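J.: Let's see this in three dimensions:
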Amino acid sequence: MTWQDVIPARGAAALDAPISDSRRAVRIWLFAIAALIFVMVLVGGATRLTESGLSITQWKPVTGVLPPLSDADWREEFTRYQQIPQFAQMNADMTLQGFKTIFYWEWSHRLLARVIGAAFILPALWFWRRGQLRGAVGRRVGIATALLALEPIVGWWMVSSGLSERTEVAQERLAMHLLIAAAVYGTLIYAGVGLSARPRGGAPAGFRWAAGVFAALVFGQLGLGALVAGLRAGLLYNTWPLMDGRWIPSGVFGLTPWARSIVDDVTTAQFDHRMVAYVVVIFALAQARFAARVGSRLTARAFVLAGIACAQAALGVITLLWVVPIALALAHQAMALLLFGLAMAHASATRAEIS
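T.: Okay, the predicted model is just below:
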């Protein structure tokens, strides 16, 4: 028996109304910031795919808000870029106009990050002052705050890895940068859904575990995808389902120690990304089948997740077979974020419905 069975309908509505009113603004804010992060990650993906991430060679948190405003400023910025290995080895014939194109990609990414910071911090202080960030939502907003503060530091650490000896950023730093952004995005969605979901009961307790594991799998797959992008591993083995004519390609996990292969080897990076994709799809289908068999109210969400997981895997295969065109690569990344966001929403709602 739940509290809805005990309290008359009119009394329950009256009890719920002030809670809903006090939380609505916080919930909208959480989802709005998550949406901005979604856009920022896609802009970051485009920045990576267009090789634009090293175009700004200095970290200017305040003065960097404005792009170069004069021809002299542009030429000074271009001169700095000409001093790094990427220009010498990859873009030696680049003109000033071409530089402006890649510069604006990276500048847009950094500007959007600043907008997100302001849009997060100012309302957070307001809600905190009004006592609306207490309990579980307060703890989750605190986690998001710490991660957001860390993100620009890791971002510059990532960029700095490509300014002296490399022609691109270190893939492990790229993956860390993406995973921090995804963690903030997922935490905000989890918190927002937690504010709107009400305990109802009736769902098997195992669903809480399954929903959490599924979200963790998708999160890990995001990191593996970043390693593939950082190593440009998608430009190799453009066949499916076999890699180099084999299910397990030669050379996989071939570095010493073997764990280095996960981060540094292109064959292993693509192999890992493929294998975890299969696990994600199988887990999603199993979760949906179990939900349908027990007749849980979670069935609809489980089937949506399974459908998107299958679509994402299919899109990944198409992207690979077509040798990673930018439009398909961005669509693949967008669907991955959508799947992760829905997985976090499902985990949060499931927790409420089971508790």
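J.: Tell me where the stretch 201-350 of the chain has helices.
T.: Per DSSP state H, counting those that start in this stretch, the stretch 201-350 of the chain carries helices over the ranges 206-231, 260-264, 266-294, 299-321, 326-354.
J.: and of those helices, who's closest to residue 113?
T.: When these are compared by C-beta to C-beta, helix 326-354 sits nearest residue 113, at 16.0 Å. To be clear about C-beta, it is placed using only N, CA and C from the backbone, and glycine gets the same treatment.
J.: And that closest one, what does it pack against?
T.: helix 9-49, helix 171-196, helix 206-231, helix 299-321 (3 or more C-beta pairs under 8 Å, 6 or more residues apart in numbering; DSSP states H and E).
J.: List of residues touching the shortest one?
T.: The list of residues contacting helix 299-321 from outside it, by C-beta atoms under 8 Å, 6 or more residues apart in numbering, reads 214, 234, 237-240, 277-278, 280-281, 284-285, 287-288, 290-292, 296, 325, 328-329, 331-332, 335-336, 338-339, 342-343, 346, 349.
J.: Mind checking which of those residues are buried?
T.: By neighbour count, with 16 or more other C-beta atoms under 10 Å, the contacts of helix 299-321 hold 214, 234, 237, 277, 280-281, 284-285, 287-288, 290-291, 296, 328-329, 331-332, 335-336, 339, 342-343, 346, 349 as buried.
J.: for the residue sitting nearest the centre point of the chain, what are its contacts?
T.: The centre of the chain sits closest to residue 182, judged by C-alpha atoms, centre = their mean, with a distance of 3.2 Å. Contacts for residue 182 (C-beta under 8 Å, 6+ apart) come out as 41, 219, 222, 337, 340.
J.: If we use 7 Å, what do you get?
T.: Counting by C-beta atoms under 7 Å, 6 or more residues apart in numbering, residue 182 touches 219, 222, 340.
J.: was I right about residue 143 contacting residue 187?
T.: Yes - using C-beta atoms under 7 Å, residue 143 is in contact with residue 187, at 5.5 Å.
J.: which of these two has more neighbours?
T.: Just comparing residue 143 and residue 187: by other C-beta atoms under 10 Å the higher neighbour count belongs to residue 187, 23 against 16.
J.: wait, which of the helices of the stretch 201-350 of the chain is closest to residue 248?
T.: Proximity to residue 248, assessed across these by C-beta to C-beta, is greatest for helix 266-294 (7.4 Å).
J.: residues in contact with residue 23?
T.: For residue 23, the contacting residues are residue 195, by C-beta under 7 Å, 6+ apart.
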